[in-house]
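**Student:** A predicted structure for the sequence below; I have some questions about it.
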Amino acid sequence: MEEFVKCRDAYYAQSVAGEVDPKLVMVLEPYRVHNAVVMAAGMSTRFVPFSAVKPKALAEVRGEILIERQIRQLQAAGIKDIYLVVGYKREQLMYLAEKFGVHIVVNADYDRYNNMATLMCVRSVLSNSYICSSDNYFTENPFEPYVYRPYYAAVYAEGPTNEYCLSYDEHERITAVKVGGKDAWYMLGHVYFDAEFSRKFVPILQASYENPDERAYLWEDLYCRHLDELTLYIRRYSAGVIHEFDSLQELAMFDPWSSSLRVEVDSKMD
């Protein structure tokens, strides 16, 4: 990893200077991020009344549209090949193809199954890939053009939490995932699949989706059932970098001036 960091930092420095050594690019090529998948198909029923009118991805947070900010952050990191998987109220998200040049993929099963159906729609492009949720807000850009190893982003919870809590070994490979815990690192935010993870994950995904008893799983649940085969490492982030808004109340705590909160006010006045 030290050699990777050395080469990556040299690449960044040379990029700023305007001339990059082609040999350096060749060394880093196995670690180059090929694309990103942004999941935006869900109905977000916990985000009503806003989600009754618009997809949650179109919520306004601190003056920016949630999904637009994330796309800009990906593109700023040099990731141009972005697949936006839509479903619920998808017609409102179609403008993003023209505005940002993203690929729009329709998940026709958005109202029947969980996000495993979304990844099924893009399984053919999974390689060195970021997997993102359209409702995440990052105060700092977490995306990079080169990534050393596959990971799941995590933040620390002081005290009890109902989130997916992680255990990991001395190499920081995730060894167990448990719903609920105390004083623990838990899953939040984006994930990075490398080509090896994708190669192993896609057949497992397909087999599970073809099984009626498993088709409604979250992809994270599928990962948890195959921890011995699927390697992800913990990637820690400081408090306040990654935000996820499960309700308008949580959004109001972060941005009390968001225009998306007015939907709630208007509904009470009707």
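**Tutor:** Yes, it's here.

**Student:** alpha carbons only for contacts and neighbour counts from here, please
**Tutor:** Will do.

**Student:** C-terminal to the longest strand seen in the chain, what's the next element?
**Tutor:** Ranked by number of residues, the top strand in the chain under DSSP state E is strand 174-193. Tracing the chain past strand 174-193, the next element assigned as helix or strand by DSSP states H and E is helix 195-209.

**Student:** The longest strand of the chain pairs with which strands, parallel or anti?
**Tutor:** Here strand 174-193 is paired, per DSSP bridges, with strand 129-133 (antiparallel), strand 151-168 (antiparallel).

**Student:** now that strand: how far from the chain's centre is it?
**Tutor:** With C-alpha atoms, centre = their mean, to the nearest Å as the basis, strand 174-193 stands 14 Å off its chain's centre.

**Student:** export it as CSV, just CAs?
**Tutor:** Extracted C-alpha coordinates of strand 174-193, given in CSV (Å, rounded to 0.1, in the frame of the first residue of the first chain):
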residue,chain,number,x,y,z
ILE,A,174,-14.7,-6.6,7.6
THR,A,175,-15.3,-9.9,9.3
ALA,A,176,-18.8,-9.5,10.7
VAL,A,177,-21.8,-7.2,10.4
LYS,A,178,-24.5,-6.9,13.1
VAL,A,179,-27.6,-4.8,13.2
GLY,A,180,-27.4,-2.7,16.3
GLY,A,181,-24.4,-2.2,18.7
LYS,A,182,-22.7,0.3,21.0
ASP,A,183,-19.6,2.4,20.6
ALA,A,184,-19.0,1.0,17.2
TRP,A,185,-18.1,1.8,13.6
TYR,A,186,-21.2,1.4,11.3
MET,A,187,-21.9,1.4,7.6
LEU,A,188,-22.8,4.8,6.1
GLY,A,189,-22.3,6.2,2.7
HIS,A,190,-20.7,4.9,-0.4
VAL,A,191,-19.0,1.6,-1.2
TYR,A,192,-16.2,0.8,-3.5
PHE,A,193,-16.1,-2.5,-5.4
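
**Student:** That one versus helix 195-209: what angle between them?
**Tutor:** Taking axes from the mean of the first three to the mean of the last three C-alpha atoms, to 10 degrees, one finds that strand 174-193 is oriented at 100 degrees with respect to helix 195-209.

**Student:** buried sites along strand 174-193?
**Tutor:** Neighbour counts over strand 174-193 (16 or more other C-alpha atoms under 10 Å) mark 174-175, 177, 181, 184-193 as buried.

**Student:** end to end, how far does stretch 125-136 reach?
**Tutor:** 22 Å (C-alpha to C-alpha, to the nearest Å).

**Student:** hmm, I was thinking of stretch 76-92
**Tutor:** Rule used - C-alpha to C-alpha; the end-to-end distance of stretch 76-92 is 24 Å.

**Student:** cool, stretch 74-83 as well?
**Tutor:** One end of stretch 74-83 to the other measures 11 Å (C-alpha to C-alpha).

**Student:** got the contact list for it?
**Tutor:** If you take C-alpha atoms under 8 Å, 6 or more residues apart in numbering as the criterion, stretch 74-83 is touched by 33-38, 71, 102-105, 122, 143-145.

**Student:** Stretch 165-175 too?
**Tutor:** Contacts to stretch 165-175, defined as C-alpha under 8 Å, 6+ apart, come from residues 176-181, 184-187, 227-228, 231-234.

**Student:** Report the buried residues of that stretch.
**Tutor:** Those would be 165-166, 173-175, for stretch 165-175 by 16+ other C-alpha under 10 Å.

**Student:** Dump those residues into CSV; add pLDDT as well.
**Tutor:** Listed next are the buried residues of stretch 165-175 as CSV, based on pLDDT from 0 to 100:
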residue, pLDDT
Cys165, 97
Leu166, 98
Arg173, 98
Ile174, 98
Thr175, 98
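
**Student:** from those residues, which two are the most distant?
**Tutor:** Cys165 and Arg173 (13.5 Å; C-alpha to C-alpha).

**Student:** so which helix or strand takes in Leu119?
**Tutor:** Following DSSP H and E, one finds Leu119 within helix 115-121.

**Student:** Please give me every residue in contact with Glu29.
**Tutor:** Glu29 neighbours (C-alpha under 8 Å, 6+ apart): none.

**Student:** Fine, thanks again, bye for now.
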